[in-house]
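**Student:** show me the folded form of this:
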Amino acid sequence: MKNNYRMRLARQEDLPALTAIYGQAVRTGRATGDLETPGAEQQRDWLAAHLPDRDPVYVAEHSGEVVGYNALSLYRGGRGAFRRTRETSYYVDSSWHRRGVASRLMDHVLAECVGFQVRSLITFVLAHNEASIAFLGGYGFRLWGRLPALAEISGVAYDHLILGRRV
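**Tutor:** This is a model prediction of the structure:
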C-alpha cells in the first residue's frame, strides 16, 4: 500500500481536505495544542505562508484523495542562525491510519530536506501522544527537550516534547 501514494505540493484546492484532517487531530486531544479547528481564512493564510522552495506542505494522495500531509516550517521564523533547521508537522486522515501514509510522507520530507540543505529536523509532540513518539523514534528522532506541564487539554496538564534528528 505504501507505494500507492502520490506525493505532491499542497494547493489551495486541498484546503478543505487539509482542514478536515487537522480537525480530526484537534478532536483527539493528543495530536496538537489547538483546541479548535482553525477557520478557512486562517488555513488559507497558513498555506500561503508555506513557500514551496523553503518550507513546503506536501500531501499524500491516493486515487485523487488527499489522505495526509506533512508541513515543513521555518524554525523561529527563519532567523539566520536557524536557517538549516525545519519543523515538521504531519497529520493523516483517521481512516488511513496504520496504512503507511505517515511513513511515506516522512520519507518524502527527509529526502526533500537534503535539497533544502536542512541539517536538523525538529517536531513538537504532546507527551501523551505515544503513537507519534514511537513513530518518530523509528525515524531517528530523539528527545531534545521537555517543557513540563505546558499544555492544558480538558483540564489536564501535559508536557510538550521537542524531538529532533540530524538530516
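**Student:** so which residues of the protein form strands?
**Tutor:** 6-9, 57-62, 65-74, 85-92, 120-126, 142-153, 156-166 (DSSP state E).
**Student:** out of the ones you listed, which is closest to Glu36?
**Tutor:** Taking CB to CB, strand 142-153 is the member of those nearest to Glu36, at 11.9 Å. In short, each C-beta sits where N, CA and C put it, glycine included.
**Student:** report the helix or strand with the lowest average pLDDT across this protein.
**Tutor:** Taking mean pLDDT, DSSP states H and E as the measure, the helices and strands of the chain show their lowest mean at helix 40-49, namely a mean of 93.
**Student:** buried ones in stretch 67-83?
**Tutor:** 67-75, 83 (16 or more other CB atoms under 10 Å).
**Student:** distance check, the residue lying farthest from the centre of the chain against Phe124.
**Tutor:** No residue in the chain sits farther from the centre than Gly155, which is 24.9 Å out by CA atoms, centre = their mean. Distance, Gly155 to Phe124, using CB to CB, to the nearest Å: 21 Å.
**Student:** and for Ala134?
**Tutor:** 16 Å.
**Student:** any low-confidence regions in the protein?
**Tutor:** Where the chain drops to pLDDT under 70, the residues are 1-3.
**Student:** of all residues in it, which one is nearest the centre?
**Tutor:** Computing the C-alpha centroid of the chain and ranking residues by CA atoms, centre = their mean puts Ser89 first, at 1.4 Å.
**Student:** any buried residues in stretch 102-118, and which?
**Tutor:** Neighbour-count burial for stretch 102-118 flags 102-106, 108-110, 112-113, 116, 118 (criterion: 16+ other CB under 10 Å).
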